Each structure stands twice: as C-alpha cells, then as structure tokens.
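J.: Sharing a model that was predicted from the sequence below.
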Amino acid sequence: MNRDNLIGGLFLLFMGVLAAILMVAIITGERPDITISPAVSTILMVLFIGGIIYGIWQSGVFSRWFGGGDRNAGGHQWPDPQTGRKSLWDRIRGR
C-alpha cells in the first residue's frame, strides 16, 4: 500500500465515522456534542500547524522565498525515478 493510499484510506474512514455520527443525530433528533479537553485541542492544533509547515518545507518553498533559488535548478524532481530519492514507505519496505 502506498503512502498516498494510506492517507486517502484514513480520510475515508474518518468521513465514514463522521457520517455515521451525523446520521444517528438526524435519526434521534439530538444535536451531537463533542467535548475535548483544552490539552487535546492544543496538541491537535500544534500537529496541524506543524504538518502545514513540514509540507511547505518539503516542497522547497522556503528555499525559494529566502534566496535559496530553485531546489533542483531545472533538474529532475521527486517522484521522477531519475532523482534517486525514494519515498519513506519504499525505504521502510527496503525497495
């Protein structure tokens, strides 16, 4: 299973759970009430913002913003097989 498929599967699972919760709420006529502690909400916020920053960092936008130029200067970019760079999932499986 590819990493992109895993993310899509997790998102699909999350949407299914959310749909089930909303259908039960519609059938019973009650409003769903989600309460989480402030610590959990802070952790989720930090993970979300950290993931955004990590994604921007991996895309090379920071190097272009701060004078680093284009990361590959017209060369091959990942996922082109000629770059030699493998995905994390392929490195874990030893491919």
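T.: Great, that's in hand. Numbers count the residues shown, from 1 in each chain.
J.: Next up, phi/psi of Gly29, please.
T.: phi 80, psi 10 (degrees, to the nearest 10).
J.: Give the burial count for it, as a bare number.
T.: Gly29 has 6 neighbouring residues, counting by other Cβ atoms under 10 Å. To be clear about C-beta, it is placed using only N, CA and C from the backbone, and glycine gets the same treatment.
J.: Give me the pLDDT value at it.
T.: In this model, Gly29 is scored at 92, pLDDT.
J.: Tell me which helix or strand comes right after the lowest-mean-pLDDT helix or strand in the chain.
T.: When the helices and strands of the chain are compared on mean pLDDT, DSSP states H and E, helix 61-65 comes out lowest with a mean of 67. Downstream of helix 61-65, the first helix or strand assigned by DSSP states H and E is helix 88-93.
J.: Can you dump the C-alpha atoms of that next one in CSV for me?
T.: Coordinates of the C-alpha atoms in helix 88-93 are reproduced here as CSV (Å, rounded to 0.1, in the frame of the first residue of the first chain):
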residue,chain,number,x,y,z
LEU,A,88,9.5,6.9,3.2
TRP,A,89,7.2,3.9,2.6
ASP,A,90,9.6,2.5,0.0
ARG,A,91,12.6,2.9,2.3
ILE,A,92,10.8,1.2,5.1
ARG,A,93,10.0,-1.8,2.9
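J.: any idea which helix or strand carries Gln58?
T.: Element membership for Gln58, per DSSP H and E: helix 38-59.
J.: now Ile36, what's its secondary structure?
T.: What DSSP: H, G, I helix; E, B strand; the rest coil gives for Ile36 is coil.
J.: For this structure, which helix extends over the most residues?
T.: helix 3-28 (DSSP state H).
J.: where does this protein dip in pLDDT?
T.: Across the chain, the ranges flagged by pLDDT under 70 are 1-4, 62-86.
J.: switch the cut-off to 90
T.: 1-11, 31-36, 51-95 (pLDDT under 90).
J.: Give me the packing partners of the longest helix of the chain, helices and strands only.
T.: helix 88-93 (3 or more Cβ pairs under 8 Å, 6 or more residues apart in numbering; DSSP states H and E).
J.: neighbours of Ser87, just the number please.
T.: Neighbour count for Ser87, taken as other Cβ under 10 Å: 14.
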